[in-house]
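# With the input below, show me the fold.
(chains A and B, ligands or ions: 2)
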Amino acid sequence: MFETLLPNVKWDKVIDATYETVYMTAVSVFATFFLGIILGLLLFLTSKGNMWENRFIHSFVAAVVNVFRSIPFIILIILLLPFTKAIVGTILGANAALPALIIGAAPFYGRMVEIALREVDKGVIEAAKSMGATMSTIIFKVLLPESMPALVSGITVTAIALVSYTAMAGAIGAGGLGNLAYLEGFQRNHSDVTFVATVLILIIVFIIQLIGDMITRAIDKR
Amino acid sequence: MISLNGVTKIYHTNHSQVKAVDQVDLQIQSGEIFGIIGYSGAGKSTLIRLLNGLEKPTNGTVEVAGKRIDQIKGKELRSARKEISMIFQHFNLLWSRTVRENIAFPLEIAGMKKSDRLKRVDELIKLVGLEGKEDAYPSQLSGGQKQRVGIARALANNPKVLLCDEATSALDPQTTDSILDLLVDINKRLGLTIVLITHEMHVIRKICHRVAVMENGKIVEHGDVLTVFRNPKANITKRFVKQVTEPDETMETIDYLLEKYKHGKVVKLTFVGDRAEQPMISKIIKEFDVEVNILQGKISQTQSGSYGTLIIHFDGDETTVEQAIEFIRNQQVELEVIANV
Ligand SMILES: Nc1ncnc2c1ncn2[C@@H]1O[C@H](COP(=O)(O)OP(=O)(O)O)[C@@H](O)[C@H]1O
Ligand SMILES: [Mg+2]
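Ligands and ions are numbered 1, 2, ... in the order given. Take a look at the predicted model:
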């Protein structure tokens, strides 16, 4: 039945492309999570009235975050080509997409982390201080656990954005479902291939949303 | 245990500055329950936060449990804070942790082994009466239960001083009383020094040994609770004392009754300690030819004895009334003539 409805779909290529998309998304989400938390903590802790209040560092980090957040992703990839070539060794393939994906998403997520940390009850931080907590205790046992539901729902949104970024990166040679849809679907005018690629991307997005919502619900004890 | 000398705290805001605490001198003895009362904005929270170094004074010295809190910082301050615990109006529990995990938090900070931690947490849960709630999350507890977790958490590392910042202000009257009873119990059992701040005289009356009254950053009056109740000097203190001795409606009632009485005097008597129980009124009626109408009476219990007020109307021959009043004064009962009819 698939033969007649989707004559141009080569399933082994679809499976490879799906794997590449999942791979690019997974690695970049993982890296974005850590990098974003570091950026978010820096933004939060150096802001006015906080523990490492420092106007210079805060404005610097905020400026970098805002600049990278504002550059359209497709342009960011092109701008980062020399950097990608230097650290990955090539500008083609799934790995070559990773630097742009991470650098594009981490500032976006970093802002969400900052907002999540600002929502943590000041009184709880003060209680921890009054117990003699060190800075690292406050970060790892108060700030991060208390903001975890927001951090998880933030990374869910970011992960979904990253899926669409991988598709864009695919169009300029990074592989994955976006690449398949562009090369096989658009350029050869096989709309059945585009259709299959779209459905698979939607399924990936739904799964991410589902997992994100499940985790958020399980850890939110408020 | 606690000694403040010439302590001033100034906050600088964009264009102005606020003197939140102004030249405060205060000595608090080991093992006492010391209350600080004042209206909102008086500087109470700032003052109590100076005691554990959450704020540093602009001027003056702060000594708690032998440590100069105004001078130490870093590691030394963190270790001093393990001896000076704090509980809060809004409890400030970690919502992501269960009751047991919340109480274990200060023990984790102190670096206690996990097995010892579990044992200590169980003791504390018994001490504050939260058996059966060990695995509940704060969102599943009532306000009173949350404050019990706060108290258990504060006691975990065997502190010498417990600071309470409006610890009962978010609770209903019954729960307030049960938390206050728990604090008295802890004070007696563990010999803990307790400093509490509040805007409710009821709290001071019920559990404090000594009290300081704060207004605009200054301590305007301080002393034994009973003495301050019997003889409040500053206007603000008189207003606070009235919170517990004269419900608002009393004065209105008296105004109304005064219209009914055409002669005589209305006087307010204040009894302290044993005198609160003497049969003085019956003596007056026997010895003097006066009519006595009791308009309002109330006896309150404090930590160091009972304290009562009685508002009565005397009627009769003017000189006899004067004699009766003189008789009362000789009994060393405070007497204030509120109205001459
Ligand atoms: N961090 C701060 N920055 C500026 N002003 C403050 C700060 N904390 C308190 N104040 C001011 O100090 C005064 C006393 O506040 P506070 O100690 O909280 O009073 P209370 O606890 O008696 O209500 C208030 O006028 C308040 O606005
Ligand atoms: Mg306050």
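
# helix or strand right after the helix or strand of chain A with the lowest mean pLDDT?
Across the helices and strands of chain A, mean pLDDT, DSSP states H and E gives its lowest value to helix A:2-5, namely a mean of 75. Counting by DSSP states H and E, the next helix or strand C-terminal to helix A:2-5 is helix A:11-45.

# hmm, who's touching the least confident helix or strand of chain A?
Helix A:2-5 has contacts (Cβ atoms under 8 Å, 6 or more residues apart in numbering or on different chains) with A:9, A:192. C-beta: built from backbone N, CA, C; applies to glycine.

# Now do the SS call for whatever residue of chain A ends up closest to ligand 1.
In chain A, no residue comes nearer to ligand 1 than residue A:49, which is 8.1 Å away by Cβ to the nearest ligand atom. Put simply, residue A:49 is coil when judged by DSSP: H, G, I helix; E, B strand; the rest coil.

# burial count for it?
6 (other Cβ atoms under 10 Å in any protein chain shown).

# List the contacts of it.
Residue A:49 neighbours (Cβ under 8 Å, 6+ apart): none.

# before we move on, what about residue B:32?
B:193-194, B:209-210.

# Filter those down to the buried ones.
B:193-194, B:209-210 (16 or more other Cβ atoms under 10 Å in any protein chain shown).

# Pull the contacting residues for the nearest residue to residue A:130 once chain neighbours are set aside.
Distance criterion Cβ to Cβ, 6 or more residues apart in numbering or on different chains; nearest residue to residue A:130, sequence neighbours excluded, is residue B:86 at 4.4 Å. Residue B:86 makes contact with A:127, A:130, B:48, B:52, B:154, B:162-165 under the criterion Cβ under 8 Å, 6+ apart.

# mind putting those in JSON lines, secondary structure, distance to residue A:97 and neighbour count included?
Formatted as JSON lines, those follow (DSSP: H, G, I helix; E, B strand; the rest coil; distance: Cβ to Cβ, whole Å; neighbours: other Cβ atoms under 10 Å in any protein chain shown):
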{"residue": "A:127", "secondary structure": "helix", "distance to residue A:97": "44", "neighbour count": "27"}
{"residue": "A:130", "secondary structure": "helix", "distance to residue A:97": "48", "neighbour count": "24"}
{"residue": "B:48", "secondary structure": "helix", "distance to residue A:97": "56", "neighbour count": "20"}
{"residue": "B:52", "secondary structure": "coil", "distance to residue A:97": "52", "neighbour count": "25"}
{"residue": "B:154", "secondary structure": "helix", "distance to residue A:97": "52", "neighbour count": "27"}
{"residue": "B:162", "secondary structure": "strand", "distance to residue A:97": "57", "neighbour count": "23"}
{"residue": "B:163", "secondary structure": "strand", "distance to residue A:97": "55", "neighbour count": "25"}
{"residue": "B:164", "secondary structure": "strand", "distance to residue A:97": "57", "neighbour count": "28"}
{"residue": "B:165", "secondary structure": "strand", "distance to residue A:97": "53", "neighbour count": "23"}
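
# Considering only the residues you listed, which also neighbour ligand 1?
Residues shared between the contacts of residue B:86 and the neighbourhood of ligand 1: none [Cβ under 6 Å from any ligand atom].

# if we take those, which one ends up nearest to residue A:190?
residue A:127 (61.9 Å; Cβ to Cβ).

# Local confidence estimate at the closest one?
With respect to pLDDT, residue A:127 scores 97.

# ditto for the one 4 residues further on
Per-residue confidence for residue A:131 comes out at a pLDDT of 96.

# contacting residues for the residue nearest to residue A:47 when sequence neighbours are not counted?
Sequence neighbours aside, residue A:58 is the residue nearest to residue A:47 in space, at 5.6 Å (criterion: Cβ to Cβ, 6+ apart). The contact partners of residue A:58, by Cβ under 8 Å, 6+ apart, come to A:43, A:46-48.

# do that again at 7 Å, thanks
Shown in contact with residue A:58 (Cβ atoms under 7 Å, 6 or more residues apart in numbering or on different chains): A:43, A:46-47.

# again, but for residue B:114
Contacts of residue B:114 (Cβ under 7 Å, 6+ apart): none.

# where does chain A have low pLDDT?
A:1 (pLDDT under 70).

# So which bits of it are right by chain B?
A:121, A:123-124, A:126-127, A:129-134, A:137, A:142, A:145-146, A:148, A:221-222 (Cβ under 7 Å from any Cβ of the partner chain).

# could you redo the last one with a cut-off of 8 Å?
Proximity of chain A to chain B, by Cβ under 8 Å from any Cβ of the partner chain, involves residues A:121, A:123-124, A:126-134, A:137, A:141-142, A:145-146, A:148, A:219, A:221-222.

# Can I get the buried part of these as one PyMOL selection?
Restricted to buried positions by 16+ other Cβ under 10 Å, the PyMOL selection for these reads:
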select buried, chain A and resi 121+124+126+127+128+129+130+131+132+133+137+141+142+145+146+148
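
# Among the residues of chain A next to chain B, name the ones in helices.
Among those, DSSP state H puts A:123-124, A:126-130, A:137, A:145-146, A:148, A:219 in helices.

# hmm, back to that, just the buried ones among the contacts of residue A:58, please.
A:43, A:46-47.

# Pick out whichever of those residues sits closest to chain B.
residue A:47 (16.7 Å; Cβ to the nearest Cβ).

# on that earlier part again, using a markdown table, lay out the contacts of residue B:32 together with secondary structure and pLDDT.
Shown next, in a markdown table, are the contacts of residue B:32 (DSSP: H, G, I helix; E, B strand; the rest coil; pLDDT from 0 to 100):
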| residue | secondary structure | pLDDT |
| --- | --- | --- |
| B:193 | strand | 97 |
| B:194 | strand | 97 |
| B:209 | coil | 95 |
| B:210 | strand | 96 |
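
# show me where the stretch 1-150 of chain B has helices.
B:44-51, B:74-81, B:99-109, B:114-127, B:143-155 (DSSP state H, counting those that start in this stretch).

# List the buried residues in the fourth one.
Within helix B:114-127, the residues scored as buried using 16+ other Cβ under 10 Å are B:117, B:120-121, B:124-125, B:127.

# from the residues you listed, which single one is nearest residue A:105?
Checking the buried residues of helix B:114-127 one by one against residue A:105 (Cβ to Cβ), the nearest turns out to be residue B:117, at 39.3 Å.

# what about stretch B:59-76 and chain A, touching?
No - counting by Cβ under 8 Å from any Cβ, no contacts exist between stretch B:59-76 and chain A, the nearest distance being 8.6 Å.

# and residue 5, how many neighbours?
No chain in the question, so chain A it is. Neighbours of residue A:5 (other Cβ under 10 Å): 9.

# not quite, I wanted chain B
The burial count for residue B:5: 16, using other Cβ under 10 Å.
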